[in-house]
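Novice: Sequence and predicted structure below; questions after.
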Amino acid sequence: KAGVTQTPRYLIKTRGQQVTLSCSPISGHRSVSWYQQTPGQGLQFLFEYFSETQRNKGNFPGRFSGRQFSNSRSEMNVSTLELGDSALYLCASSLQGVSQGNEQFFGPGTRLTVL
Amino acid sequence: GNSVTQMEGPVTLSEEAFLTINCTYTATGYPSLFWYVQYPGEGLQLLLKATKADDKGSNKGFEATYRKETTSFHLEKGSVQVSDSAVYFCALSDGGTSYGKLTFGQGTILTVHP
């Protein structure tokens, strides 16, 4: 069974640009979550989608947005990039979410560098 | 809100030493608790979990017990190996409206020397 895949693995952008990251969950998983990982702030939750609907959202500005398609694949977009957006962006999928102790499976991440 | 606090790192041990990484949490209700591990250049992998008080999660020689009275979920291993060198994250999900959200601790870097 294929794991969670993320593309691209590495990205270099300049300030003011926008970027789109893609995530393909494990087959059959309908919940997709996104996290930002930085040395200073650690792992922070961005948002979660289930059956194309956003169910939960973290404390990030509106420049960060996402969506989910009918095949459960998900994209996140960051507009007007800032230097502070440089981070590892992790996608994670699960059958229905992590309530009740269900496991969340993580992809390898997309390393975004903003110059 | 929910929060997770891990012991400050990094932690450096010799092979075959005993490992403890402390984790305490703040949450409403009855959260589920997890330990994830991240090897260099990879995403996170679930190491073990516990879903109710007094449950013990275990995997690959690692153990952690869900202690509601002390709001803790400390990770232990009796004899570490060089291959255990990684970053370890404690996390929780609450039983209500977490949906797909895990709340993570800041991570503990473990380095094991031969």
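Specialist: Received it, and whenever you're ready, just let me know what you need. As the structure is a prediction and not an experimental result, all values here were calculated from the model. Residues are numbered from 1 along each chain as shown, chains lettered A, B, ... in the order given.
Novice: mind checking how far the residue of chain B found nearest chain A is from residue A:54?
Specialist: Chain B approaches chain A most closely through residue B:100 (3.1 Å), counting by CB to the nearest CB. Just so you know, the C-beta spots here come from the backbone N, C-alpha and C atoms, and that holds for glycine as well. The spacing between residue B:100 and residue A:54, counted by CB to CB, to the nearest Å, is 10 Å.
Novice: ok, these two, which is more surrounded?
Specialist: residue B:100 (27 against 15; other CB atoms under 10 Å in any protein chain shown).
Novice: out of everything not next to it in sequence, what's closest to the more buried one?
Specialist: Nearest residue to residue B:100, sequence neighbours excluded (CB to CB, 6 or more residues apart in numbering or on different chains): residue A:48, at 3.1 Å.
Novice: ok, now which ones touch the residue positioned nearest the centre of chain A?
Specialist: Note on chain A: the residue nearest the mean C-alpha position is residue A:34, at 2.9 Å, using CA atoms, centre = their mean. In this structure, residue A:34 makes contact with A:23, A:45-48, A:66, A:74, A:76, A:89-92, judged by CB atoms under 8 Å, 6 or more residues apart in numbering or on different chains.
Novice: can you tell me the helix or strand for it?
Specialist: Here residue A:34 sits within strand A:31-38, counting by DSSP states H and E.
Novice: chain center to the helix or strand encompassing residue B:88: distance?
Specialist: Taking DSSP H and E as the definition, one finds residue B:88 inside strand B:86-93. Its chain's C-alpha centre and that of strand B:86-93 lie 5 Å apart, by CA atoms, centre = their mean, to the nearest Å.
Novice: List of residues touching the helix or strand just after it?
Specialist: Using DSSP H and E, the helix or strand that directly follows strand B:86-93 along the chain is strand B:103-104. Applying CB under 8 Å, 6+ apart, the contact partners of strand B:103-104 are A:42-43, A:45, B:2-4, B:36, B:89-93.
Novice: Mind putting the residues you listed into JSON lines with pLDDT?
Specialist: Output for the contacts of strand B:103-104, formatted as JSON lines (pLDDT from 0 to 100):
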{"residue": "A:42", "pLDDT": "92"}
{"residue": "A:43", "pLDDT": "95"}
{"residue": "A:45", "pLDDT": "96"}
{"residue": "B:2", "pLDDT": "89"}
{"residue": "B:3", "pLDDT": "94"}
{"residue": "B:4", "pLDDT": "96"}
{"residue": "B:36", "pLDDT": "97"}
{"residue": "B:89", "pLDDT": "97"}
{"residue": "B:90", "pLDDT": "97"}
{"residue": "B:91", "pLDDT": "96"}
{"residue": "B:92", "pLDDT": "94"}
{"residue": "B:93", "pLDDT": "92"}
